[in-house]
Each structure stands twice: as structure tokens, then as C-alpha cells.
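Student: any chance you could fold what I've pasted below:
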Amino acid sequence: MTGEVTDTQAIAKRLGCSDRQVRVTLTLAFLSPVIVKRAAGGTLPSGLGVTLLCDLPVDWEKQVQVISHGCAR
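Tutor: Sure thing, here's the model as predicted:
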């Protein structure tokens, strides 16, 4: 927000982690609150992994539909 870093590589360097880890974390930050609540409550479908969560549509309603049907887009 202050302009101190300009890309995910700079964030990764600052945090001492990989660029990939930063990108995955950023993607998860845009999950629907419904999905986050279900994840925290342990009620997401069995076998649902981070890969699917990172590949969800941007629209929150569509995210919930994808999770409910257990398939990507």
C-alpha cells in the first residue's frame, strides 16, 4: 500500500519465502467469506485441496457453486 514493494517477488524476498507461496496466499485472500467460514468450520467437501481453491472464479457466488459441485469452473 505504501509502494515499498512492486511485485510478488519483492514481497517474497521481504518475507523470506518463495514467490509461489506469495501468489498462492494472495489468491486465497480473495475467497468468498462463505468458503472461508466453511473451511474454518471443517465443512468443505472431502478431498478439496488448495489447488482447486486457487483456481476458482473471481465471483463469490460462482466460487460457492464450484465448491458445492466439487469441480473447477
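
Student: so where's this structure uncertain?
Tutor: Along the chain, the model assigns pLDDT under 70 to residues 1, 70-73.

Student: any idea where the helices of it begin and end?
Tutor: Assigned by DSSP state H, the helices in the chain fall at 8-15, 19-28, 33-41, 50-54, 60-69.

Student: how many residues are close by Lys37?
Tutor: 12 (other Cβ atoms under 10 Å). (C-beta placed from N, C-alpha, C; glycine too.)

Student: contact partners for it?
Tutor: Lys37 makes no contacts at all, as judged by Cβ atoms under 8 Å, 6 or more residues apart in numbering.

Student: what's around Asp7, how many residues?
Tutor: Neighbours of Asp7 using other Cβ under 10 Å come to 10.

Student: list the contacts for it?
Tutor: Contacts of Asp7 (Cβ under 8 Å, 6+ apart): none.

Student: okay if I get the helices of the chain as TSV plus distance to Thr2?
Tutor: Converted to TSV, the helices of the chain look like this (distance: least, Cβ to Cβ, whole Å):
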stretch	distance to Thr2
helix 8-15	12
helix 19-28	17
helix 33-41	26
helix 50-54	27
helix 60-69	28
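
Student: outside of stretch 11-20, which residues touch it?
Tutor: Applying Cβ under 8 Å, 6+ apart, the contact partners of stretch 11-20 are Val5, Thr8, Gln9, Gln21, Val22.

Student: show me the two of those residues that sit farthest apart.
Tutor: The span of the contacts of stretch 11-20, defined through Cβ to Cβ, is set by Val5 and Gln21 at 14.8 Å.

Student: many thanks, we can stop here.
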